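Colleague: kindly generate the corresponding structure for this input.
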Amino acid sequence: MIAYLYGEPVQTGDRWVVLDVNGIGYRVFVPQPSVQEIAGTRGKIKLFTHMAVREDAITLYGFLHGSEREIFSILIGVSGIGPQTALNILSQITIADFAMAILSEDEKSLTRISGIGSKGAKRLILELRDKIRKVRDSLPAAGTGKADHLIHDAASALISLGFAEKDSYDAVRHSGAGLKEPSVQTLIKAALVTLKEH
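Modeller: Just a heads-up that it's a prediction; the model follows:
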């Protein structure tokens, strides 16, 4: 098992990069946003890798962050989702947005990913909700906006008060839309009002 590669990118293509590691070129499949990031860098980079072995091929999948590889591993554990489908998902949505969509049971966000229909979105939510909960604290803050952090923190506070996860996220999003300069405290207060009305 190859855990990571450290080398210089010498060629990039559609969702792949060739990494020169001490004179050996490894072709590694990476999510589309990472290809763009790698193409703009000079010098050596580290890719956390997952090696998929089949009868007819050995394929390497690479990620700039260990948490991306973790989500990739969780995704390929879902029945019917192979490495290419998982790579497709991670090419179209950030890890933070994907985790938030799963935790808040947001089917609409998931069905915007090509290849994921309503049934697929429901299955992803059902199979991944508990797994994403376990790793959510290790997920990167990178790529998430300030608003996403506020929503996550406010919803987490409501969940710790005993409100349901989906209701908490929905209430925070709904009540936060009308606030000019939201903070975690103002979001919690406004969401509590929304939750009491239901």
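
Colleague: tell me the domain ranges of the protein?
Modeller: Residue ranges for the domains of the chain, per automatic domain parsing: 4-63, 68-138, 146-197.

Colleague: what about the strands in this protein?
Modeller: 4-13, 16-21, 24-29, 45-53, 58-63 (DSSP state E).

Colleague: where does pLDDT dip in this structure?
Modeller: The model of the chain has pLDDT under 70 over residues 137-149, 178, 198.

Colleague: switch to 50 and redo it
Modeller: 141-144 (pLDDT under 50).

Colleague: determine the longest helix present in it.
Modeller: Criterion DSSP state H: the longest helix present in the chain is helix 118-135.

Colleague: what are the buried residues along that one?
Modeller: For helix 118-135, the neighbour count (16 or more other Cβ atoms under 10 Å) marks Gly120, Ala121, Arg123, Leu124, Ile125, Glu127, Leu128, Lys131, Ile132 as buried. (Glycine included, C-beta is placed from N, CA and C.)

Colleague: excluding chain neighbours, what is closest to the third one?
Modeller: Beyond its immediate neighbours in the sequence, the residue positioned closest to Arg123 (Cβ to Cβ, 6 or more residues apart in numbering) is Val78, lying 7.0 Å away.

Colleague: can you pull the contacts of that neighbour?
Modeller: Contact analysis of Val78 by Cβ atoms under 8 Å, 6 or more residues apart in numbering lists Arg123, Leu124, Glu127, Leu128.
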